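A.B. asks: next input, structure requested:
(one chain, ligands or ions: 1)
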Amino acid sequence: MIKLIRCPSCGEEIVLNDLYKGMEVQCKLCNCIMIYQDGKFLLLDTNEEFSIEELAQEEKGEEEELDEEFDEDYYFEEDEY
Ligand SMILES: [Zn+2]
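C.D. replies: This is a model prediction of the structure:
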């Protein structure tokens, strides 16, 4: 299981090779340390908590909305009734 998150402090990408409760993650760029617990990362610098979804955000954004085109074929059959 490999996950990519962003450092909440500096925005640097951090690769997680593993994920378990109590795991310590250190950003190589700004050296801040986060502890993973209960689905969240606790940033030790500020005691702030970040959910993993929050940190896993990617900045590409535009590639996610392509799914809609696949539904079109179904409409043709229903016109016969
Ligand atoms: Zn950082």
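A.B. asks: which of the residues in stretch 13-30 are buried?
C.D. replies: Going by neighbour count (16 or more other C-beta atoms under 10 Å), the buried part of stretch 13-30 is 14, 16, 25, 27. All C-beta spots, glycine's among them, are computed from the backbone N, C-alpha and C.
A.B. asks: I'd assumed the first one was in a strand, is it?
C.D. replies: Yes - checked against DSSP: H, G, I helix; E, B strand; the rest coil, residue 14 lies within a strand.
A.B. asks: which residues touch the closest residue to it other than its chain neighbours?
C.D. replies: Ranked by C-beta to C-beta, 6 or more residues apart in numbering and with sequence neighbours excluded, the top spatial neighbour of residue 14 is residue 5, at 5.3 Å. By C-beta atoms under 8 Å, 6 or more residues apart in numbering, the contact set of residue 5 is 13, 14, 16, 25, 41, 52, 55, 56.
A.B. asks: before we move on, what about residue 7?
C.D. replies: By C-beta under 8 Å, 6+ apart, residue 7 lies in contact with 13, 14, 27, 29, 30, 32.
A.B. asks: switch the cut-off to 7 Å
C.D. replies: 14, 27, 29, 30, 32 (C-beta atoms under 7 Å, 6 or more residues apart in numbering).
A.B. asks: what pLDDT does the model give it?
C.D. replies: For residue 7, the model assigns a pLDDT of 95.
A.B. asks: picking up where we left off before, how about the secondary structure of the residue nearest to residue 14?
C.D. replies: strand.
A.B. asks: can you name the residues of the chain that neighbour the ion?
C.D. replies: For the chain, the residues in contact with the ion (C-beta under 5 Å from the ion) are 7, 9, 10, 12, 27, 29, 30.
A.B. asks: run the last query once more with 8 Å
C.D. replies: By C-beta under 8 Å from the ion, the residues of the chain that approach the ion are 7-12, 14, 27-32.
A.B. asks: secondary structure and distance to residue 45 added to those, as JSON lines?
C.D. replies: Shown next, in JSON lines, are these (DSSP: H, G, I helix; E, B strand; the rest coil; distance: C-beta to C-beta, whole Å):
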{"residue": "7", "secondary structure": "coil", "distance to residue 45": "11"}
{"residue": "8", "secondary structure": "coil", "distance to residue 45": "9"}
{"residue": "9", "secondary structure": "coil", "distance to residue 45": "7"}
{"residue": "10", "secondary structure": "coil", "distance to residue 45": "11"}
{"residue": "11", "secondary structure": "coil", "distance to residue 45": "14"}
{"residue": "12", "secondary structure": "coil", "distance to residue 45": "14"}
{"residue": "14", "secondary structure": "strand", "distance to residue 45": "15"}
{"residue": "27", "secondary structure": "coil", "distance to residue 45": "10"}
{"residue": "28", "secondary structure": "coil", "distance to residue 45": "15"}
{"residue": "29", "secondary structure": "coil", "distance to residue 45": "13"}
{"residue": "30", "secondary structure": "coil", "distance to residue 45": "9"}
{"residue": "31", "secondary structure": "coil", "distance to residue 45": "9"}
{"residue": "32", "secondary structure": "coil", "distance to residue 45": "5"}
